[in-house]
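A.B. asks: 3D model of this:
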Amino acid sequence: MSDPVKSMGNKQSGSLLSSLSLLIVFAGIILLFADYVLQPDRFPVCRISFIGEFRHVEKSALQESVSPYIGNNFFAIDLQGLESTLRDIDWVSDISISRRWPDTLQVSIKEERLIASWNKTSWVTSDAAIVEIPNLKMRELPRWFGPQGTQVLVQLRYHQFSNLLADVDMKLQQLTYSQRGAWQLIAVNDERKEQVNIRLGRRDMEDRLFRFARAYGQTLVKLEQRLVSVDLRYPNGFAVKWDSIEEGGPVSTG
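C.D. replies: The predicted structure follows:
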């Protein structure tokens, strides 16, 4: 009479061996398939396309950088290496690469966007980074000046001051932050052909500029003379200088 326990054990062992054999066969098939797919001469990349707005990035530089990757295996191509190569190109800010079956790589490129000039020789990007771009002229951008490492603070103040001036149709053209922490602005009113140098000082900048903007919108903008400069560093008013009048005393703002 056979032993039921022994018979069950033999069946389990046989089942385990069968499963292990199937697993080995399956793994072997996968390895063979992977070896076939990843062969350098199979599934070559035939095309690399670029997506993005190219105002400053030169397409010829992109094409030259990706040419060594054409013909590489579609599955085994070094995407990190390609991304690193493209990031070294001038004006490239960010890169995203995706595969498009059967033979194409799609590269999305984000350009550096400049938002202001910085200390005459440099530029501030939308990420608040400072970049050196020789011989570049972009007169439509505002001019910022400040000590090293203060571009984030200057950017913040630029937006605050711009919003206050925009209510009276003035555009902030230049913003200077001195080593001593004082602020100075140049604002323009295109309709009046007016360019005004505004001294804010180091304290209560927003309150002072708000006081000036209110007086400008209610009174000063209605006068025939054009403003040349305004000194807002007075406790209860400000001093003004006109294009045809010498600098006067403080103007009371109540």
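
A.B. asks: Give the residue spans of the stretch 151-254 of the chain that score low on pLDDT.
C.D. replies: 244-254 (pLDDT under 70).

A.B. asks: Show the end-to-end separation of stretch 65-82, please.
C.D. replies: 8 Å (CA to CA, to the nearest Å).

A.B. asks: whoops, stretch 97-110 was the one
C.D. replies: Note: stretch 97-110 ends 12 Å apart using CA to CA.

A.B. asks: Next: stretch 92-108.
C.D. replies: 11 Å.

A.B. asks: Flag every buried residue along that stretch.
C.D. replies: By 16 or more other CB atoms under 10 Å, the buried positions in stretch 92-108 come out as 92-93, 95, 97, 105, 107. No exception for glycine: its C-beta is placed from N, CA and C like everyone else's.

A.B. asks: Wait, Phe54 touches Glu111, no?
C.D. replies: Yes. Between Phe54 and Glu111 there is a contact under CB atoms under 8 Å: 7.0 Å.

A.B. asks: higher neighbour count, these two?
C.D. replies: Glu111 (18 against 13; other CB atoms under 10 Å).

A.B. asks: contacting residues around that one?
C.D. replies: For Glu111, the contacting residues are 52-57, 91-93, by CB atoms under 8 Å, 6 or more residues apart in numbering.

A.B. asks: and it, what are its bridge partners?
C.D. replies: Val92 (DSSP bridges).

A.B. asks: how about the CA coordinates for stretch 155-164, as PDB?
C.D. replies: These are the backbone C-alpha positions of stretch 155-164, laid out as PDB (Å, rounded to 0.1, in the frame of the first residue of the first chain):
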ATOM      1  CA  GLN A 155      12.800  91.200  -9.000                       C
ATOM      2  CA  LEU A 156      10.300  91.200  -6.100                       C
ATOM      3  CA  ARG A 157      10.500  95.000  -5.700                       C
ATOM      4  CA  TYR A 158      10.300  95.500  -9.400                       C
ATOM      5  CA  HIS A 159       6.900  93.800  -9.500                       C
ATOM      6  CA  GLN A 160       5.600  95.700  -6.400                       C
ATOM      7  CA  PHE A 161       6.700  99.100  -7.700                       C
ATOM      8  CA  SER A 162       5.500  98.300 -11.200                       C
ATOM      9  CA  ASN A 163       2.000  97.600 -10.000                       C
ATOM     10  CA  LEU A 164       1.800 100.800  -8.100                       C
END
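
A.B. asks: so how far is that stretch from its chain's centroid?
C.D. replies: Centre-to-centre, stretch 155-164 and its host chain are 18 Å apart (CA atoms, centre = their mean, to the nearest Å).

A.B. asks: Which positions in it come out as buried?
C.D. replies: 155, 157-158, 161-162, 164.

A.B. asks: For those residues, work out which two are farthest apart.
C.D. replies: Spatial extent of the buried residues of stretch 155-164 (CB to CB) is set by the pair Gln155 and Leu164 at 15.6 Å.

A.B. asks: Break down the stretch 101-250 of the chain into its helices, ranges please.
C.D. replies: Using DSSP state H, counting those that start in this stretch, the helices found in the stretch 101-250 of the chain span residues 151-166, 205-218.

A.B. asks: quick one: Glu224 and Asn197, what's the gap?
C.D. replies: 20 Å (CB to CB, to the nearest Å).

A.B. asks: Name the residue in those two with the higher neighbour count.
C.D. replies: Set side by side, Glu224 and Asn197 show more neighbours around Asn197, with 15 against 7, by other CB under 10 Å.

A.B. asks: how far away is that one from Leu23?
C.D. replies: Taking CB to CB, one finds Asn197 at 80 Å from Leu23.

A.B. asks: ok, now Gln155?
C.D. replies: On the measure of CB to CB, Gln155 and Leu23 end up 60 Å apart.

A.B. asks: cool, and Glu83?
C.D. replies: Distance from Glu83 to Leu23, by CB to CB: 37 Å.

A.B. asks: okay, the two: which has more neighbours?
C.D. replies: Legend: neighbour count by other CB under 10 Å for Glu83 and Leu23, higher for Glu83 (14 against 10).
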